[in-house]
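# Provided below are the primary sequence and the corresponding predicted coordinates.
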Amino acid sequence: MDEARLFEKLARIEALYAGATTDGERVAAGLARERILARLREVEALDPPVEYRFSLGDVWSRRVFLALLRRYEIRPYRYPRQRRTTVMARVSRRFVDETLWPEYQEIDKTLRAYLSEVTDRVVREVLSGDGSEADVVEEQPQLPLQPAGGAPGPKPEPKPAPEPPPKPEPKSTPAPPPSGRGRSGSGKKSRKKKKKRKRR
């Protein structure tokens, strides 16, 4: 699908929700916006606008929805602490259910299909030519992940070697007691001298 066909399909989607039923009305898709605006004014008179919070999944869907709100003169906004994917708007519930949200879903689906075709063509004609999904393999033991770009990762730091146990200190052996032979010999000599004195 080329861009011309994409634009035509988007215009027909809007014409469908504007209430065009015959082929002639679908061809005059330029009048679809005015018809939807007129219907919005009629619905608001019966069903007053209330505050809606829309959560869009990604930035592309949000851009499409913001553009659609502004096309129908509905002011989108969000509060300071809300996420960027959140869109607030005051709009009639009936208009949301019957026109706004169904039309957005059709436009979003059409644009995604177109972008998918363009991506496949670029992959096939410009890149590798193989746009298939990655192979499913059995799980392997987990290894250190290699950083992107092939740069080597940080080397693991070596663990310090365990300190050797302290060497046992040699025990001090007590000095042997002095020999008592000299003392005993001198005692015997003194006894002999005493005996000799008694005889005299």
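Structure received.

# for this structure, what spans make up the strands?
Along the chain, counting by DSSP state E, strands occupy 50-55, 86-91.

# ok, residue 61 touching residue 108?
Yes - between residue 61 and residue 108 a contact is recorded at 5.7 Å, counting by C-beta atoms under 8 Å. Glycine gets a C-beta too; all of them are placed from N, C-alpha and C.

# which one of the two has more residues nearby?
Neighbours per residue, other C-beta atoms under 10 Å: of residue 61 and residue 108, the larger number sits with residue 61, 20 against 17.

# for residue 135, see how far away that one is.
30 Å (C-beta to C-beta, to the nearest Å).

# re earlier: ok, which of the strands of the chain comes nearest residue 124?
Ranking these by proximity to residue 124 (C-beta to C-beta) places strand 50-55 first, at 34.4 Å.

# next, the buried residues of stretch 77-95.
87, 89, 91, 92, 94, 95 (16 or more other C-beta atoms under 10 Å).

# end to end on that stretch, go ahead and measure it.
Terminal residues of stretch 77-95 are spaced 18 Å apart (C-alpha to C-alpha, to the nearest Å).

# any idea of the mean pLDDT in the helix ranked longest in the chain?
Scanning the chain for the helix with the most residues, using DSSP state H, yields helix 101-125. Mean pLDDT, helix 101-125: 90.

# can you pull the buried residues of it?
101, 103, 104, 106, 107, 108, 110, 111, 114.

# ok, stretch 44-51 next?
Applying 16+ other C-beta under 10 Å to stretch 44-51 flags residue 49 as buried.

# contacts for that stretch?
For stretch 44-51, contacts defined as C-beta atoms under 8 Å, 6 or more residues apart in numbering pick out 88, 89, 90, 91, 92, 93, 94, 95.

# I'd guessed the fourth one sits against residue 100; true?
Looking back up the chat, that one is residue 91. Yes - applying C-beta under 8 Å as the test, residue 91 and residue 100 come out as touching, 6.6 Å apart.

# overlap in contacts of those two?
69, 74.

# ok, the buried residues of helix 101-125 vs residue 13, which is closest?
Closest to residue 13, out of all of the buried residues of helix 101-125 and judged by C-beta to C-beta, is residue 106, at 4.8 Å.

# so which of the buried residues of helix 101-125 is the closest to residue 38?
Among the buried residues of helix 101-125, residue 103 lies closest to residue 38 (C-beta to C-beta), at 15.5 Å.

# so what's the closest one up against?
13, 14, 17, 68.

# save those residues as JSON lines, and put in neighbour count and pLDDT too.
Formatted as JSON lines, these follow (neighbours: other C-beta atoms under 10 Å; pLDDT from 0 to 100):
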{"residue": "13", "neighbour count": "20", "pLDDT": "87"}
{"residue": "14", "neighbour count": "22", "pLDDT": "88"}
{"residue": "17", "neighbour count": "19", "pLDDT": "85"}
{"residue": "68", "neighbour count": "18", "pLDDT": "95"}
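
# got those residues as a markdown table, with distance to residue 55 columns?
Output for the contacts of residue 103, formatted as a markdown table (distance: C-beta to C-beta, whole Å):
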| residue | distance to residue 55 |
| --- | --- |
| 13 | 22 |
| 14 | 24 |
| 17 | 22 |
| 68 | 16 |
